[in-house]
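In: using only what follows, build the 3D model:
(one chain, ligands or ions: 3)
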Amino acid sequence: MEIFKTKSALEAFLKPLKASKKKIALVPTMGALHNGHISLIELAKTYADIIVCSIFVNPTQFTDPKDLEKYPRPIEHDLAMLNEAGCSGVFMPNIAEMYPQGADENWHIDLGKAEFLLEGEFRKGHYQGVTQIVKKLFDAVEPDVAMFGQKDFQQVLMIKNMLAYFHLPIKIITCPIIREDDGLAMSSRNIHLSPVDRENSLVLSKSLQYVTDHFNEFSLDELEEKAKRFYQGIEGVELDYFTIVNGDTLEKAKSKNENSLVALVAAKVGATRLIDNMIIK
Ligand SMILES: Nc1ncnc2c1ncn2[C@@H]1O[C@H](COP(=O)(O)OP(=O)(O)OP(=O)(O)O)[C@@H](O)[C@H]1O
Ligand SMILES: CC(C)(CO)[C@@H](O)C(=O)[O-]
Ligand code: BAL
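Out: Ligands and ions are numbered 1, 2, ... in the order given. Below is the predicted model of the structure:
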């Protein structure tokens, strides 16, 4: 497995591979890898010959400086996991490499109304930062295919909107959510959960599972209300939203007959903010 810290070194590695028509997959991450990330690498292998994983904790998508400061960075462990998974190359630039003019450089694109819903409401400007760095990563790698996790459901939609904005010919693959045995969605931030938080964190997957399992028994409003009740009286858990939306627009679902329905949740568990979702249909 090769490691690249600059765009030029990465480009030199990829050039002959592209010339010999190898298919390239990009798996963008912020590191602190777990089996969710590895599932993206595994799925990437079914689409491409060469897998490039990027590790970059992107400052422009963080709205809370403390969240950025404490984001885990276990780089040796990450490299060992990627090597084991059969990753071809790792791109791990520093901030100056990705933002030569400074991280406050100008960036604003139209991502549609959905940018301002859900995560966009709680992390203002988050998807401008995400699309800003993903565009830079796409420009550096020019992959045939890029892998993203369904756990960040809204992120996938925003990236697809960014692709449409720039007319980029990259195939986006959405990978299913990998969970711990008890249902908690794997996330790099889970490491911050205390034992009590870890127990409390199960409320996210349990409330989503309830809504999925009882979908045919209640109205949309009743389902949301019942899901929200799961959070009442759990000390140290603060619900930001639990909502059932149209999966294409992210607007609150008006009817069960809509083509695509997804239940999404975000909650603070102790000092850690977690998100999760389940696709109902
Ligand atoms: N449990 C999971 N299952 C599948 N994909 C995942 C999972 N967790 C993260 N991913 C995906 O891995 C990619 C990189 O995510 P990232 O590095 O931010 O990890 P993360 O675990 O989501 O971290 P955090 O939740 O703390 O931001 C994203 O496309 C993300 O959706
Ligand atoms: C896509 C991404 C790597 C961009 O920084 C990040 O938002 C993430 O890890 O999901
Ligand atoms: N996994 C999404 C990136 C973020 O939370 O900033």
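In: would you enumerate the residues in contact with residue 117?
Out: Going by CB atoms under 8 Å, 6 or more residues apart in numbering, residue 117 touches 154, 245, 250, 251. All C-beta spots, glycine's among them, are computed from the backbone N, C-alpha and C.
In: dump the residues you listed into CSV; add secondary structure, neighbour count and pLDDT as well.
Out: Output for these, formatted as CSV (DSSP: H, G, I helix; E, B strand; the rest coil; neighbours: other CB atoms under 10 Å; pLDDT from 0 to 100):
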residue, secondary structure, neighbour count, pLDDT
154, helix, 22, 99
245, strand, 23, 98
250, coil, 24, 98
251, coil, 13, 98
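In: any chance of those in JSON lines with distance to ligand 2 as columns?
Out: Listed next are the contacts of residue 117 as JSON lines, based on distance: CB to the nearest ligand atom, whole Å:
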{"residue": "154", "distance to ligand 2": "11"}
{"residue": "245", "distance to ligand 2": "19"}
{"residue": "250", "distance to ligand 2": "17"}
{"residue": "251", "distance to ligand 2": "23"}
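In: wait, which of those residues is closest to residue 89?
Out: residue 154 (28.5 Å; CB to CB).
In: so the closest one touches residue 119, yeah?
Out: Yes. In this structure residue 154 lies within contact range of residue 119 using CB atoms under 8 Å: 5.2 Å.
In: which residues are common contacts for these two?
Out: Shared contacts of residue 154 and residue 119, counting by CB under 8 Å, 6+ apart, come down to residue 127.
In: and the stretch 51-200 of the chain, which of its residues are near ligand 1?
Out: 148, 149, 151, 152, 175, 177, 178, 185, 186, 187, 188, 189 (CB under 6 Å from any ligand atom).
In: where do the helices sit along the chain?
Out: For the chain, the helices defined by DSSP state H occupy 7-19, 35-45, 65-69, 75-85, 95-98, 119-122, 126-141, 153-166, 195-200, 202-213, 220-229.
In: so which of those gets nearest residue 267?
Out: If we rank the helices of the chain by CB to CB, the stretch that ends up nearest is helix 202-213, at 6.1 Å.
In: residue ranges of each domain in this protein, please.
Out: 2-175, 192-279 (automatic domain parsing).
In: and the pLDDT for the residue nearest to residue 208 when sequence neighbours are not counted?
Out: Spatial nearest neighbour of residue 208, excluding adjacent residues (CB to CB, 6 or more residues apart in numbering): residue 278 at 4.3 Å. Per-residue confidence (pLDDT) for residue 278: 99.
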